[in-house]
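Colleague: Take this sequence and fold it.
(2 chains)
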Amino acid sequence: MESRERDDKAFLTALEAVPLPHVDAPLFKAQLKARLLAEVTRPARSARPAPAVRSAWWRYALVAAALLVVLAWQMMPAPLPAFAYLEIEVNPAMRLTLNIRGEVIGIEPLDETARLPLSEIVFRRRPTAQVVAQILERLHGAALLDATSQVWLVVSPMGEARPEEIENLLRAAQTAVNTHTRRLLAQSTATHGLVVDRERYEVARNASLRPSQYTRVARAGVSASGMQGIVTAGMRLQAAGKMTGNRLREFTELIAELLELGMPESEAVELIEGMLAKGLGIENIARRLEKAADRIEEGQTLKEAVRELRDSTGRRKDQDEEDDRDKDKANERRPDQEPGRERERDDERERGDDGRGRDDERDHDEPESDDETDDGGN
Amino acid sequence: MERAQRDPEAFGLLYEQNYDAIFNYVLRRMGHVETTQDIVSETFFIALRNLGKFKWQGVPFSAWLYRIAINEMAGHFRCARGRTVSLETMQEEGFEPPSDSDVEREALAWQEEIDRHLEYHAVKQAVDALPEHYQEVVSLRFYAGKQIPSIAVVLGKPQGTVKSLLHRGLEKLRHALRQAKRSATFGETPTYVERGRGSHGE
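Modeller: Numbers count the residues shown, from 1 in each chain, chains lettered A, B, ... in the order given. I've put the predicted structure just below:
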């Protein structure tokens, strides 16, 4: 191997020693240079298109195309931001997010029942009326919408919006509901629409109030701070164990009922809070308020009706204390019969109401414990 | 490199840097001035037209020129495809190229000079008789004075392959020259073996 390399090297050395011709040929060199430079300055005269020039052309074309794409992209209308919420409650309830054109850009169920009907809705950038029509069709198909249904529509602005713009959105939604319920049910359903300012809407949302609930409160003229006060009172009662479960919605409805009867906001909150604090259940209070409303309709003044409510609650308190004493005695005698005694005590509690309500309540009242565990269908 | 496509000054610089090496390599390989002129012309015209592609090939510009020249020589390409600009046009543009007759006279003079290199002609004859792939390697080594790494770049082959080709090529060349010596074409002892130095060098 080494000897082979040595031979090669020796042979190459010998070859390298051979004098080689070396030519300058300056005239030819100058002539060729002139031709080449002429080609450089006049590429268009080339017999065949120079590939290098062609590739440069393609590069420019590509850059131009890329610029066009970027420009076109920039000129494309950007998706419009969220402008307002539209909540629809037909039991179930759902929330639509709208842009300024009234197109739907988001949709979400507000309860479990709404989840399925909404799952197949095509909504992206569709007009509100079109999406509302789809929703009503699905609800009707799922037997969640009939002639007795009430439709609550609440529109709330998300940012700066002129009142007329929000009103227009609500009007469009109401028209759509009326049109499509007539088509589906051969008659329009009762439709309630309301515009709620952003602040009040946020408070209501935080309390998980349904559109119908805060519509009633809002219609009664409760301010955002007032609504916050109601929610705070409800939460206080929950924390103190006076209101079990998430009954904020029902609590708010009770307040709304009193407000509708004409009672001032703070007084309504104080009355309901007091009744709950004395151990009355939500359903029981609701029935009492219903009766009070009936009495007002029959000619009793609000003041008298409220006094009766308070008195009945007071008597209830006295009755409770008496019951507690009986209970203690009974426990001492027959501790094993406590459940039966408890039922008896409940009956006595109900009988302890004023004489006017006794007969009516006998037909409708349910045990108090049911009030607290039943979610009221909400 | 891209500028050289449109800028005469830039291309002129590239030409001046590479002309001598390419011209003499082709001349030694071809042994004929006119053929050399054709091939060198075509080499530079092809290079000019493909300057845009060059940057993607990842080899030195001079190696690229050698590769073009080798391809042209392989086909003994004589057609002056690139000569699209007439002398009249060049003169209009301010160029004063030498006349064809002057260039022809120059070529004749240089042809005589080449013909005087008898030893070179003897070796060239033997190199020309080699198979083409050996010719390429041996001629780059012998005529252009290239070392193995440079030859590998020009031919686009691995250095090991070039080394092996060069070894076998030289062996065949030596054998051919021995045969030539036996036939006593040029004296008893070939002078190229005894001379001290050549005109090579990279």
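Colleague: Quick check: pLDDT value at the residue in chain B that chain A sits nearest to.
Modeller: Distances between chain B and chain A by C-beta to the nearest C-beta are smallest at B:G52, namely 2.8 Å. C-beta coordinates here come from the backbone N, C-alpha and C atoms, glycine included. For B:G52, the pLDDT comes out at 71.
Colleague: And the helix or strand harbouring it, what does it pack against?
Modeller: Using DSSP states H and E, B:G52 sits in helix B:51-54. Here helix B:51-54 touches helix A:51-75, helix B:2-6, going by 3 or more C-beta pairs under 8 Å, 6 or more residues apart in numbering or on different chains; DSSP states H and E.
Colleague: Output that helix in CSV with nothing but the alpha carbons.
Modeller: Taking Å, rounded to 0.1, in the frame of the first residue of the first chain, the C-alpha atoms of helix B:51-54 are listed here in CSV:
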residue,chain,number,x,y,z
LEU,B,51,-25.6,32.6,-11.9
GLY,B,52,-29.0,32.6,-10.1
LYS,B,53,-28.9,28.8,-9.7
PHE,B,54,-25.2,28.8,-8.6
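Colleague: measure the residue lying closest to A:L118 once chain neighbours are set aside to A:L139 for me?
Modeller: Closest residue to A:L118 apart from its sequence neighbours, by C-beta to C-beta, 6 or more residues apart in numbering or on different chains: A:P109 at 5.2 Å. Distance, A:P109 to A:L139, using C-beta to C-beta, to the nearest Å: 12 Å.
Colleague: one step back: lowest average pLDDT across the helices and strands packed on helix B:51-54?
Modeller: The bottom spot among the helices and strands packed on helix B:51-54, by mean pLDDT, belongs to helix B:2-6, with a mean of 63.
Colleague: check contacts around the residue nearest to the spatial centre of chain B.
Modeller: In chain B, the residue lying closest to the centroid (C-alpha atoms, centre = their mean) is B:V26, at 2.2 Å. B:V26 is in contact with B:36, B:39-40, B:43, B:69, B:73, counting by C-beta atoms under 8 Å, 6 or more residues apart in numbering or on different chains.
Colleague: hmm, try it at 6 Å
Modeller: B:36, B:39-40, B:69 (C-beta atoms under 6 Å, 6 or more residues apart in numbering or on different chains).
Colleague: now those as a markdown table including pLDDT and neighbour count?
Modeller: Compiled in a markdown table, those are given as follows (pLDDT from 0 to 100; neighbours: other C-beta atoms under 10 Å in any protein chain shown):
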| residue | pLDDT | neighbour count |
| --- | --- | --- |
| B:T36 | 87 | 28 |
| B:I39 | 87 | 27 |
| B:V40 | 89 | 25 |
| B:A69 | 88 | 27 |
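Colleague: so A:P109 makes contact with A:P117?
Modeller: No - the pair A:P109 / A:P117 is not scored as a contact, 8.2 Å apart, by C-beta atoms under 6 Å.
Colleague: between these two, which one's more packed in?
Modeller: A:P117 (23 against 16; other C-beta atoms under 10 Å in any protein chain shown).
Colleague: Quick check, pLDDT for the more buried one.
Modeller: 83.
Colleague: Next: B:P60.
Modeller: 80.
Colleague: Which residue is the nearest non-sequential neighbour of B:H121?
Modeller: The nearest residue in space to B:H121 (C-beta to C-beta, 6+ apart) is B:G31, at 6.9 Å.
Colleague: One more: B:Q135?
Modeller: Leaving out its chain neighbours, the residue that sits closest to B:Q135 by C-beta to C-beta, 6+ apart is B:V127, at 6.0 Å.
Colleague: State whether A:M243 is indeed within a helix.
Modeller: No - under DSSP: H, G, I helix; E, B strand; the rest coil, A:M243 sits outside any helix and is assigned coil.
Colleague: So it versus chain B, what's the distance?
Modeller: Computed with C-beta to the nearest C-beta, to the nearest Å, the distance linking A:M243 and chain B is 79 Å.
Colleague: So that residue sits against A:A233, correct?
Modeller: No - A:M243 is beyond contact range of A:A233, at 9.7 Å (criterion: C-beta under 6 Å).
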